[in-house]
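# sequence unknown, structure follows:
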Ligand code: 7TS
């Protein structure tokens, strides 16, 4: 298959773990949904965590407790529950800051998701700093959320987009990146982890290269924060974004981290209440960061839930999460390689996060997903919001299994068994 790499020959050996092993079976007990059954009576085998993660009880309880015992708007109620809501919202910001190594909680802006965070930067920073003829460098593996906002920006300001290509096994071509940097781009924006191939990109190295060429760097951490220990100070990027719902948090929660000087210099993105200090009929003075970027009533309950998710994962330890997922991914690559007619895409287990895209010869991925669903196995099928990457690999679509801290070898075994059923039905 053009552009595809058959991983059956790849070395999927896993280095000896350097951290105490994590027991996903014990962890599963924290996730109520994982002990449910589908309407066909099968236990739920959830292998679509790259789309959204399941939620542990501490997160569900944090949201529930917000609404049951102290629901009030934040930053305005001069009464007990209003002050409690504000304190919980700001405590969640501090938890998120610690979780991703941000030196100052005021550098964390709550957003609805990664998409909104990227749009915030594209509209606010982008329209001030990118002009006619200026280049922005992206990669061929970006999610549409880290592509379309930049397309709109360069269309508006008459700038240019350039793309770092990938190798056939989904690794960024840093030799080409080096050449693209000679264009002196204003911004380099790339994903920390590919949502389709699982490739873990060398952020620190790319940040150093970009900074040496005078570019700022935005990292899309939507698929990294749930699976790796992320320390934005160590990575050295200028902007880092992620979605709360992929990292065990509620839907509608997410964050932008940026260096204080950048946030202070940026104009507001959305305007209205909350983001102002003083308003007159013809002009206003804006609030301090981060509230300058949080116009209107925020989803405070979701933010509180995200704070609980961050605390939960810090208690487990992200090194252990990574070790578990690396081990499980190696196991999945080995087991899936035994399915007749399967093609696996992406790099070897040690270079990827817990994402395994595949195709069965002669079967459309939507049909694969539908038959798997009959056995309670949830995978995503389609282009996973990476149409240019699929085009690059010469694929119309793929099926994708993706893991999280609660995923087990039994989940992988159930997937492999159900794929056997697909092969029987379609004679692949
Ligand atoms: N960036 C990456 C790398 C992503 O994987 C996603 C969502 C986004 C940005 C956007 O996140 P949102 O929360 O703002 O929508 N990725 C996927 C996926 O792989 N399957 O469903 C959503």
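Structure's in. What do you need? Remember, predicted model here, so these are calculated numbers, not experimental data. Residues are numbered from 1 along each chain as shown.

# any low-confidence regions in the stretch 51-200 of the chain?
By pLDDT under 70, the stretch 51-200 of the chain has no low-scoring segment.

# what residues does it put near the ligand?
51, 113-115, 143, 145-146, 191, 195 (CB under 6 Å from any ligand atom). Where C-beta positions appear, they are placed from N, C-alpha and C, glycine not excepted.

# what about the helices in the stretch 251-400 of the chain?
Taking DSSP state H, counting those that start in this stretch, the helices of the stretch 251-400 of the chain run over residues 260-265, 300-316, 318-336, 365-374, 387-393.

# Including mean pLDDT, mean neighbour count and distance to the ligand, could these go into JSON lines?
Converted to JSON lines, these look like this (pLDDT from 0 to 100; neighbours: other CB atoms under 10 Å; distance: least, CB to the nearest ligand atom, whole Å):
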{"stretch": "helix 260-265", "mean pLDDT": "98", "mean neighbour count": "14", "distance to the ligand": "20"}
{"stretch": "helix 300-316", "mean pLDDT": "98", "mean neighbour count": "23", "distance to the ligand": "12"}
{"stretch": "helix 318-336", "mean pLDDT": "97", "mean neighbour count": "21", "distance to the ligand": "15"}
{"stretch": "helix 365-374", "mean pLDDT": "97", "mean neighbour count": "18", "distance to the ligand": "13"}
{"stretch": "helix 387-393", "mean pLDDT": "97", "mean neighbour count": "19", "distance to the ligand": "11"}
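
# Figure out which of the ones you listed is closest to residue 161.
helix 387-393 (11.0 Å; CB to CB).

# who's in contact with the closest one?
2-4, 140-142, 144, 147, 165-166, 168, 194, 196-197, 345, 383, 396-398 (CB atoms under 8 Å, 6 or more residues apart in numbering).

# so of those, which ones are in helices?
Per DSSP state H, helices hold no members of those.

# Narrow those residues to those that are buried.
Buried residues within the contacts of helix 387-393, counting neighbours by 16 or more other CB atoms under 10 Å: 3-4, 140-142, 147, 166, 194, 196-197, 345, 383, 397-398.

# quick check: domain ranges of the protein?
Using automatic domain parsing, the domains assigned to the chain come out as 4-49+317-426, 60-315.

# what's the neighbour count on the residue of the stretch 301-428 of the chain found nearest the ligand?
The stretch 301-428 of the chain approaches the ligand most closely through residue 384 (4.7 Å), counting by CB to the nearest ligand atom. Neighbours of residue 384 under the rule other CB atoms under 10 Å: 24.

# got the contact list for it?
So residue 384 contacts 50, 143, 195-196, 357, 398, 400 (CB under 8 Å, 6+ apart).

# 7 Å - rerun?
195-196, 400 (CB atoms under 7 Å, 6 or more residues apart in numbering).

# Please name the nearest non-neighbouring residue to it.
Distance criterion CB to CB, 6 or more residues apart in numbering; nearest residue to residue 384, sequence neighbours excluded, is residue 196 at 4.8 Å.

# Equivalent analysis for residue 200, please.
Closest to residue 200 by CB to CB, 6+ apart is residue 193, at 5.4 Å.

# right, and that neighbour touches residue 226 too?
No: counting by CB atoms under 7 Å, residue 193 does not reach residue 226; the two are 9.0 Å apart.

# If you count surrounding residues, which of those two has more?
residue 226 (31 against 26).

# Now do the SS call for the more buried one.
Assigned state for residue 226: coil (three-state reduction, DSSP: H, G, I helix; E, B strand; the rest coil).

# so how far is the ligand from it?
In this view, residue 226 and the ligand are 10 Å apart by CB to the nearest ligand atom, to the nearest Å.

# Now for the residues of the stretch 51-200 of the chain next to the ligand: which two are most distant?
Spatially, the most separated pair among those is 51 and 146, at 16.4 Å (CB to CB).

# out of the two, which sits in the busier spot?
It is residue 146, of residue 51 and residue 146, that has more neighbours when counted by other CB under 10 Å, with 25 against 16.

# check contacts around that one.
Applying CB under 7 Å, 6+ apart, the residues near residue 146 are 118, 138, 189, 191, 220.

# Pick the one among those closest to residue 158.
residue 138 (17.3 Å).

# Show me what the helix or strand hosting that closest one is packed against.
Under the criterion DSSP states H and E, the helix or strand holding residue 138 is strand 135-139. Here strand 135-139 touches helix 148-157, strand 160-164, strand 187-191, going by 3 or more CB pairs under 7 Å, 6 or more residues apart in numbering; DSSP states H and E.

# just these: most buried one?
strand 187-191 (a mean of 27; mean count of other CB atoms under 10 Å).

# give me every residue that touches the nearest residue to residue 61 once chain neighbours are set aside.
Spatial nearest neighbour of residue 61, excluding adjacent residues (CB to CB, 6+ apart): residue 308 at 7.7 Å. Listed by CB under 7 Å, 6+ apart, the contact partners of residue 308 are 58-59, 62.

# Using JSON lines, lay out those together with secondary structure, distance to residue 239 and neighbour count.
Putting the contacts of residue 308 into JSON lines (DSSP: H, G, I helix; E, B strand; the rest coil; distance: CB to CB, whole Å; neighbours: other CB atoms under 10 Å) gives the following:
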{"residue": "58", "secondary structure": "helix", "distance to residue 239": "29", "neighbour count": "15"}
{"residue": "59", "secondary structure": "helix", "distance to residue 239": "26", "neighbour count": "29"}
{"residue": "62", "secondary structure": "helix", "distance to residue 239": "27", "neighbour count": "26"}
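
# And these, which is closest to the ligand?
residue 59 (16.0 Å).

# Surely that closest one touches residue 248?
Yes: judged on CB under 7 Å, residue 59 makes contact with residue 248 at a distance of 6.0 Å.

# what residues do the two have in common as contacts?
What both residue 59 and residue 248 touch, as defined by CB under 7 Å, 6+ apart, is the set residue 309.

# quick one: residue 254 from the ligand, how far?
Going from residue 254 to the ligand by CB to the nearest ligand atom gives 6 Å.

# what pLDDT does that residue get?
Looking at residue 254, its pLDDT stands at 98.

# Measure how buried the residue nearest to it when sequence neighbours are not counted is and give me the count.
If you skip the residues right next to it in sequence, residue 254 has residue 113 as its closest partner in space, 4.1 Å away by CB to CB, 6+ apart. Neighbour count of residue 113, defined by other CB under 10 Å: 21.
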